[in-house]
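J.: coords below, sequence missing:
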């Protein structure tokens, strides 16, 4: 199914635009957890300086990751034999391991944040 969906994206076309548009619509729905995170952060009633720093850090991480991912995918499309391209290829051949590692990484991150009281 992925091959069928991505087949039309090999060259820039109207399908490329509409796929990007669809991804943007779906990504806008992910704003709900982002704003929920801000609400939780504010509900903790931290000191004003900590709240400001927390909001800036939280927003920087949440908003920069999709941009970084898009830039890396663009880089891979332009230079598939670059170190990033080889990393993407290796990751695509190890999806099960990558999924497990990502799940555990998120778990560890949440435990660390909980232990720090963030």
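T.: Yep, that arrived. Computed from a predicted structure; not experimentally measured.
J.: contacts for stretch 63-71?
T.: The set of residues external to stretch 63-71 that reach it, using Cβ atoms under 8 Å, 6 or more residues apart in numbering, is residue 27. C-betas here are computed from N, CA, C, even on glycine.
J.: could you do stretch 41-52 as well?
T.: Contacts for stretch 41-52 (Cβ under 8 Å, 6+ apart): 54, 55, 58.
J.: what kind of secondary structure is residue 11 in?
T.: The local conformation at residue 11, judged by DSSP: H, G, I helix; E, B strand; the rest coil, is coil.
J.: tell me which element residue 77 is part of?
T.: helix 48-78 (DSSP states H and E).
J.: what's the answer for residue 32, then?
T.: Element membership of residue 32, judged by DSSP H and E, is helix 31-43.
J.: helix 48-78 and that helix, what's the angle between them?
T.: If you take axes from the mean of the first three to the mean of the last three Cα atoms, to 10 degrees, helix 31-43 sits at 160 degrees to helix 48-78.
J.: now helix 31-43: buried residues?
T.: For helix 31-43, the buried set under the neighbour-count rule, 16 or more other Cβ atoms under 10 Å, comprises residue 41.
J.: pLDDT averaged over it - what is it?
T.: Taken as a whole, helix 31-43 has a mean pLDDT of 79.
J.: likewise stretch 81-93?
T.: On average, stretch 81-93 scores 90.
J.: returning to what we had before: just the buried residues out of the contacts of stretch 41-52, in PyMOL syntax.
T.: Filtering these down to the buried ones (16+ other Cβ under 10 Å) takes a single PyMOL command:
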select buried, resi 54+58
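J.: beyond the lowest-mean-pLDDT helix or strand in the chain, next helix or strand please.
T.: In the chain, the helix or strand scored least confidently by mean pLDDT, DSSP states H and E is helix 2-7, which has a mean of 65. For helix 2-7, the succeeding helix or strand toward the C-terminus, using DSSP H and E, is helix 14-29.
J.: next one: that next one to chain centre, how far?
T.: 15 Å (Cα atoms, centre = their mean, to the nearest Å).
J.: and the most far-flung residue of the chain relative to its centre, how far from residue 111?
T.: In the chain, residue 47 marks the outermost C-alpha relative to the chain mean, sitting 29.0 Å out by Cα atoms, centre = their mean. Per Cβ to Cβ, to the nearest Å, residue 47 is found 24 Å from residue 111.
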